[in-house]
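Engineer: this is a predicted model, with the sequence first.
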Amino acid sequence: MATLVEFRAQNPEYNDMPDLALADALHSKYYADIPRGKFFEQLGVTSAQIPGAEATTSLPPKPVTMQDRIMGAIETPAIIAGQVGQMVATPLAKMFGEAYGGYGTPQGKEMGQKAAQVTSQQFYQPRTETGPDIVSAMGKALGAIPPTPLSSAGTALSTLAGPALSQARNIVAPAAITTQQRMAALLQPKNPQMTGMGAASTDQALIRQERALQQGIPLTKGEQLQDFGLLKRESDLPKENPDLAKALTEFKQRQKQDILKRFEQLSDQTGAEYADPTAYRKIGSLVDTQLVKQFDAKKLKVDEAYQAARDAGETKQVVDVTKLDEWLETNKGKAISVPAINSIKADLNQLKKVTNNQVTVDDLEELYKSAGQLGEPGKPSGLFMKQVKNVINDVTEGAGGDLYRTARSQRKELANEFENTYRVAKLLGTKGGYTDRAVALDDVFSHVVLDGSLEEMRTVTKLLKKGGPEGQQAYAELQGQTVQYLKDQLTKNASGELSFAKLKSAIDTLDREDKLTYMFGKKGRENLIDLRDTVQDALVKPQGAVNYSNTGSVVMRGLDQLAAIRFPLAKTAADIAKTREISKQVQESTKYNALVDALKGKK
């Protein structure tokens, strides 16, 4: 228990009250369960000051043995460290206790006193009588020295608590009034609260931690609370005290591994077998093989249908090509930049000359094939040759018999699925008459998933989904590689650090087109968004967050100042206190769980 002198140092607002009145008020309000005489004795109030105090008999002092002197000298550093910790921590504990119970209320004052008492008892207590005597003698010696740069440094012990207490009071006092948030969603109608936080920050801390647990990614206390001061402390400790903060460094390393592991887990859940940064060509080959296989199978059926119509003589019917002549005349000016138009015109004129203007369905079918070979997907020739084929379809509409009409219907379906859709037509490569692939196998993933719109992506993926087990597996590879791509964006950093900015950009881009929902379903999309947000909690330090943690910095700076004092054992005491403080901070950051502490009514 603090003495009355210490109490006044910590609470100067009571300095105008006489010792007896103050001691009596403290006893009646907070310590009535302790005998009055004993309580006054603990406060350091002499028996002469206590009305009605019983007379006591003083026994002769116990002789001090050499062993007592030696043991007292040994425990002196621990006593100094304990007093330093008491002086700093006790008023802070009192202030936080009052904040929890309510500033200015009897309950708050009572809780503040109890918190201070419990905190004070946590520090080292003397085991010998000579140890406190040595410390007291050192204090008196320092107090007798006139103020100098050396001796004035000794005031660090008494001045540490001031800045810390003032700063902490400014932080907690206003927050305590508006907190006491209930957790109705977690337990019962009346639930524990997290103190010292506003409603929004409390709710958000719980959401962050629950989300992180679902993703299997641990968060530090600063990351759960998104408290700027805590985040800064967690960043600085490993740099300034690498040995003492080793557990925090290892925590962050495990966190990084768990983040990457989570992406691998999601990729595995798609059923992909080859998702890997080096597998883009392999996946491109699987997708291409399935598309070509389906195209060739349908093209064969179309060819067989046309052959049946030819064998039945249905393609020998003469048709009027006036519409095609008119189209070629209208677009002759475009032929300067699209030579394919002149090629079609030349072929049509040759057919007219050979057939004496008796152009048949068969003749126009050959011209249709030429237009398909001359048109290049994604370029002007592809656009104009598509128009040529549409005109030919109009010219031959209704011609021939049932077999020819069946063949035309099958060909139209083939064109809609493979030829008239840019994403598919370009993937088919040599189908359009090219000697080289229009899309390199390494670029197939980007061509299908990243570059086009959702509708364009669907034109490819719906074919894969209908392609049986092999086509469905090719689609699963695209899903798995999408997750791998997101992971690649996260790790695409020359420094080896994880880059949230690139990950966020990649996820947001896919999400804007609703591609995440299309590829992974609503729940899968929500899972990826939660993963993005958890990675943000772990990697991104918010700007302008309230600093709840600079109190710790004040303590550490004070301990550093104490270590510089050149009197016996001071540096040792400071080192002990500093080691204890850092270890406590590291454990606090790595073991904190917002959900658990909320249930306990803690912050």
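Structural biologist: Happy to help now that I have it.

Engineer: and E588, how far from E581?
Structural biologist: Separation of E588 from E581 (CB to CB, to the nearest Å) stands at 10 Å. Yep, even glycine has a C-beta here, placed from its N, CA and C like the rest.

Engineer: equivalent analysis for L463, please.
Structural biologist: 64 Å.

Engineer: among those two, which residue is more densely surrounded?
Structural biologist: L463 (22 against 19; other CB atoms under 10 Å).

Engineer: so who does the nearest residue to A335 once chain neighbours are set aside touch?
Structural biologist: Excluding the flanking residues, the one nearest A335 by CB to CB, 6 or more residues apart in numbering is I341, at 4.1 Å. Neighbouring residues of I341 by CB atoms under 8 Å, 6 or more residues apart in numbering: L328, N331, K332, K334, A335, F384, V388.

Engineer: give me phi/psi at I341?
Structural biologist: phi -60, psi -40 (degrees, to the nearest 10).

Engineer: ok, now G313?
Structural biologist: phi 80, psi 10.

Engineer: give me the neighbour count for the closest residue to G452 other than its chain neighbours.
Structural biologist: The shortest distance from G452 to any non-neighbouring residue, by CB to CB, 6+ apart, is to R423 (5.4 Å). The tally of other residues near R423 (other CB under 10 Å) stands at 21.

Engineer: go ahead and confirm R310 touches E366.
Structural biologist: No - applying CB atoms under 8 Å as the test, R310 and E366 come out as separate, 11.6 Å apart.

Engineer: in terms of neighbours, single out the busier of these two.
Structural biologist: Neighbour count, other CB under 10 Å: between R310 and E366, R310 has more, with 18 against 11.

Engineer: which parts of the helix or strand hosting the more buried one are buried?
Structural biologist: Applying DSSP states H and E as the criterion places R310 in helix 280-311. For helix 280-311, burial by neighbour count (16 or more other CB atoms under 10 Å) applies to 280, 282-288, 290-292, 294-295, 298, 302, 305-306, 309-310.

Engineer: on that earlier part again, I'd guessed the residue nearest to G452 sits against E455; true?
Structural biologist: No - with contact defined as CB under 8 Å, R423 does not reach E455; the gap is 9.2 Å.

Engineer: just confirm K515 contacts L454, I think it does.
Structural biologist: Yes - shown here, K515 and L454 form a contact pair, counting by CB under 8 Å, at 5.6 Å.

Engineer: the more surrounded of these two?
Structural biologist: A side-by-side neighbour count of K515 and L454, using other CB under 10 Å, places K515 first with 20 against 14.

Engineer: phi, psi of that one?
Structural biologist: Dihedral angles (degrees, to the nearest 10) for K515: phi -70, psi -30.

Engineer: do V318 as well
Structural biologist: phi -80, psi 140.

Engineer: which residues are contacting the helix or strand where D508 lies?
Structural biologist: Element membership for D508, per DSSP H and E: helix 500-512. With contact meaning CB under 8 Å, 6+ apart, helix 500-512 is reached by 449-450, 482, 485-486, 489-490, 492-493, 516, 525, 528-529, 532, 535-536, 539-540.

Engineer: shaky segments in the chain?
Structural biologist: 1-2, 13, 29-30, 46-112, 114-202, 429-436, 494, 542-575, 577, 599-603 (pLDDT under 70).

Engineer: now the helix holding D508: buried residues?
Structural biologist: So for helix 500-512, counting by 16+ other CB under 10 Å, buried means F500, K502, L503, K504, A506, I507, L510.

Engineer: what is the neighbour count of the closest residue to the first one other than its chain neighbours?
Structural biologist: Take F500 and drop its neighbours on the chain: the residue closest to it by CB to CB, 6+ apart is L539, 4.5 Å away. L539 has 18 neighbouring residues, counting by other CB under 10 Å.

Engineer: pop out the phi and psi values for T360.
Structural biologist: Per degrees, to the nearest 10, the backbone of T360 is at phi -100, psi 170.

Engineer: measure it to Q373 for me?
Structural biologist: Counting by CB to CB - T360 and Q373 are separated by 20 Å.

Engineer: need the helices for the stretch 501-603 of the chain, in chain order.
Structural biologist: Ranges of helices within the stretch 501-603 of the chain are 515-539, 550-563, 570-591, 594-600, based on DSSP state H, counting those that start in this stretch.

Engineer: give me the buried positions along the longest one.
Structural biologist: Looking back up the chat, that one is helix 515-539. 515-517, 519-520, 524-525, 527-528, 530-539.

Engineer: A407 is in contact with D311, isn't it?
Structural biologist: No - using CB under 8 Å, A407 makes no contact with D311, being 11.4 Å away.

Engineer: nearest to V321 among the buried residues of helix 500-512?
Structural biologist: L510 (47.7 Å; CB to CB).

Engineer: any idea how far that closest one lies from L414?
Structural biologist: Distance from L510 to L414, by CB to CB: 30 Å.

Engineer: help me confirm that N420 comes into contact with M385.
Structural biologist: No - N420 lies out of contact with M385 (CB under 8 Å); the separation is 10.9 Å.

Engineer: report the contact partners of the closest residue to D530 other than its chain neighbours.
Structural biologist: Distances taken as CB to CB, 6+ apart put R211 closest to D530, at 5.2 Å, once the chain neighbours are dropped. Counting by CB under 8 Å, 6+ apart, R211 touches D530, D533, T534, D537.
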